[in-house]
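Enquirer: pasting the sequence and the predicted coordinates here, then a few questions.
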Number of protein chains: 2
Amino acid sequence: MKKFINEVDDFILESLSGLAQAHPNLVSVNLDPMYVIRKDIANKKVVLISGGGSGHEPLHSGFVGHGMLDIACPGHVFTSPTPDQMISALEAYQPEKGVLFIVKNYSGDVMNFEMAAEMSSYENKSLIINDDAAVINSSYTTGKRGVAGTVIIEKVLGSLAETGANLDQCLSLGQRVNNASSTMGIALTSCTVPAAGKPTFDIGDDEVEVGVGIHGEPGRRREKIKKANLMVDDMIDVILADLKEKNVKTNSSEILLLVNGYAGTPLSELYLLFDVAAKNLKTHNIKIARSLVGNYTTALDMAGASLTLCVLDDDIKNHWDAPVLTPALRWGM
Amino acid sequence: MKKFINEVDDFILESLSGLAQAHPNLVSVNLDPMYVIRKDIANKKVVLISGGGSGHEPLHSGFVGHGMLDIACPGHVFTSPTPDQMISALEAYQPEKGVLFIVKNYSGDVMNFEMAAEMSSYENKSLIINDDAAVINSSYTTGKRGVAGTVIIEKVLGSLAETGANLDQCLSLGQRVNNASSTMGIALTSCTVPAAGKPTFDIGDDEVEVGVGIHGEPGRRREKIKKANLMVDDMIDVILADLKEKNVKTNSSEILLLVNGYAGTPLSELYLLFDVAAKNLKTHNIKIARSLVGNYTTALDMAGASLTLCVLDDDIKNHWDAPVLTPALRWGM
């Protein structure tokens, strides 16, 4: 295993410590239990708290700050956080207007956040994210998985919460963005979990995993690598079918296109995917009105990428455009 | 070779086309000859133009915009741009206050930018960047290589140029930041150049290349991978020795710490390196006053990272903090 690491058990602790020191004006980090909390505590608005297994950075810890999350609770690598993390973080934060738990749909995450929701003394609701169009039911999931669309949802809800919206309004918009978002990913290589020390799955030198999950879970099929044009055509077909099934109109719609790297794929290739996707979407009469390209929901060191289409309306667009100031996303401030 | 790519010859063209479509408000791209130019033409200030072989994205094309570069001229992968690119871009831009060529110290880049400087009808000067502490003379270089410190120099000069400074002032501050910056990198894997289709160099499963260049050029030595603590100690020793040789005082100084990924290493490991470096620097009585962590000067898909220390003064700090709005760096706007 080739990683910049000291002891496996300290990996996430040291990484979080680095995050806190690199962004001292934006976030504070508590290491026992682990949580990341925004520096400018904003407990008079709905408090947005998310989390999940580590290894997907900058998701979620890099999205803590003005206009996005209030709290992120990272578990160890690909391991759910436990309710004591959420409870301790909320006690430190002292919400006054309710709490929205933002949970990617993995069985462990759902269970631990449900327990936190029950134990919490604060009014709360939960939003389950399941934007992955690839598969229904998977290694760690009943239903569809929550993947890169999470970034869009957290950004949009972060803006809405800053405006003073109430808990029901936040939940409602979150459900709308989740429904309007659909994601499909392809892996070129496996990732390597530090505690395992070897690749999560074997894959041939000329093979890709189509529909891979962000933990290296199996997708729809294993196939020979093809030209980017053809791989993108396949991905967009799946996404458009999924949106149709969710009754989201795409023809002549404006969308946000997120080209998300899993970490091991360079930016030059992600921009190439953007170019290819843009050509494809034009043939479907879909207009790219907003975009994001980079490593935002990663799978440790996996090479590969996902495409997310989020069909926009004026609300979503305005909240996407609103100022944000976090370690990993910042504009307008 | 596992990449998201169509034809090898179209790789950079399609990637640049994606960049332009993903950031339509920030940059325009010309494909023949290739250059990236900022949308809000600012030709009444000193015009900053950089470039070099592609494969280091977001350097330089992702740094075009307000408060940073005016023009970037990318060559094909690891291949210098040619003078016609610089000349055409400048003709499109119509500088009125002179031109600063910002050139990383590689023989091909230096030669091509020198030719452009001679051919140009605009008043111009050239800044050569050589922040790499690893080796003197290398595969493609006489003297020291220009590496990740380039990001800091381009950011700081971008701010200075926006204030209306003249060409001599821009060159002078650029030389100061270059002298105050020192970088050392380690590769965990090779990169793969698309046209070659196979890794640039062979490296064992338990080996690292200490002092690697951003094209996979050899560094100081090949050794067995060690704990991150020990690798960082080695890197900082080299950097501090280099700064001492350049007569830059580090004891009780404030610095900017850049932890730069080569593309294949996840953000979680880069933040871990930040944590380890911060502990080390404390023992040297060096204060981290500013920081940047991420993939900013990459080497295609190489796994690995570099550390850059830039010793700050008030000028450099203020220009670092000033607003910037480019595809890859943005704050304050």
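Expert: Arrived safely.

Enquirer: kindly report the residues of the stretch 101-250 of chain A close to chain B.
Expert: A:188-189, A:205-206, A:208, A:225, A:227-229, A:231 (C-beta under 8 Å from any C-beta of the partner chain). Where you see a C-beta, it was placed from the backbone N, CA and C, and this is true even at glycine.

Enquirer: let's see 6 Å
Expert: Counting by C-beta under 6 Å from any C-beta of the partner chain, the positions of the stretch 101-250 of chain A adjacent to chain B are A:188, A:227-229.

Enquirer: which residues touch A:A20?
Expert: Residues counted as contacts of A:A20 (C-beta atoms under 6 Å, 6 or more residues apart in numbering or on different chains) are A:V29.

Enquirer: one more time with 10 Å, if that's ok
Expert: A:26-31, A:36-37, A:39, A:61, A:327, B:271, B:274-275, B:278 (C-beta atoms under 10 Å, 6 or more residues apart in numbering or on different chains).

Enquirer: quick one: it is in a helix?
Expert: Yes: judged by DSSP: H, G, I helix; E, B strand; the rest coil, A:A20 forms part of a helix.

Enquirer: excluding chain neighbours, what is closest to A:N280?
Expert: Leaving aside its chain neighbours, A:N280 sits nearest to A:I236 (5.1 Å; criterion: C-beta to C-beta, 6 or more residues apart in numbering or on different chains).

Enquirer: right, I mislabeled it, should have said A:M111
Expert: Nearest to A:M111 is A:S80, by C-beta to C-beta, 6+ apart, at 7.4 Å.

Enquirer: now tabulate the residues of the stretch 101-250 of chain A next to chain B in a markdown table and tack on pLDDT and neighbour count.
Expert: Formatted as a markdown table, those follow (pLDDT from 0 to 100; neighbours: other C-beta atoms under 10 Å in any protein chain shown):
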| residue | pLDDT | neighbour count |
| --- | --- | --- |
| A:L188 | 98 | 24 |
| A:K227 | 98 | 13 |
| A:A228 | 98 | 24 |
| A:N229 | 98 | 20 |
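
Enquirer: which residue ranges of chain A form helices?
Expert: Here chain A has its helices, by DSSP state H, at A:11-22, A:83-93, A:107-119, A:149-162, A:167-179, A:228-245, A:267-283, A:314-321.

Enquirer: tell me which of these is the most buried.
Expert: Compared across the helices of chain A, helix A:149-162 shows the largest average neighbour count, a mean of 26 (mean count of other C-beta atoms under 10 Å in any protein chain shown).

Enquirer: ok and that helix relative to helix A:314-321, angle-wise?
Expert: Using axes from the mean of the first three to the mean of the last three C-alpha atoms, to 10 degrees, the inter-axis angle of helix A:149-162 relative to helix A:314-321 is 90 degrees.

Enquirer: as PDB, could you dump the C-alpha coordinates of helix A:149-162?
Expert: This file holds the C-alpha atoms of helix A:149-162, laid out as PDB (Å, rounded to 0.1, in the frame of the first residue of the first chain):
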ATOM      1  CA  GLY A 149     -25.400  14.800  -6.000                       C
ATOM      2  CA  THR A 150     -24.900  15.300  -2.300                       C
ATOM      3  CA  VAL A 151     -22.600  18.200  -3.000                       C
ATOM      4  CA  ILE A 152     -25.400  20.100  -4.900                       C
ATOM      5  CA  ILE A 153     -27.900  19.300  -2.200                       C
ATOM      6  CA  GLU A 154     -25.700  20.500   0.600                       C
ATOM      7  CA  LYS A 155     -24.800  23.700  -1.300                       C
ATOM      8  CA  VAL A 156     -28.400  24.600  -2.200                       C
ATOM      9  CA  LEU A 157     -29.800  23.800   1.300                       C
ATOM     10  CA  GLY A 158     -26.900  25.700   2.900                       C
ATOM     11  CA  SER A 159     -28.000  28.800   1.000                       C
ATOM     12  CA  LEU A 160     -31.700  28.300   1.800                       C
ATOM     13  CA  ALA A 161     -30.900  27.800   5.500                       C
ATOM     14  CA  GLU A 162     -28.900  31.100   5.600                       C
END
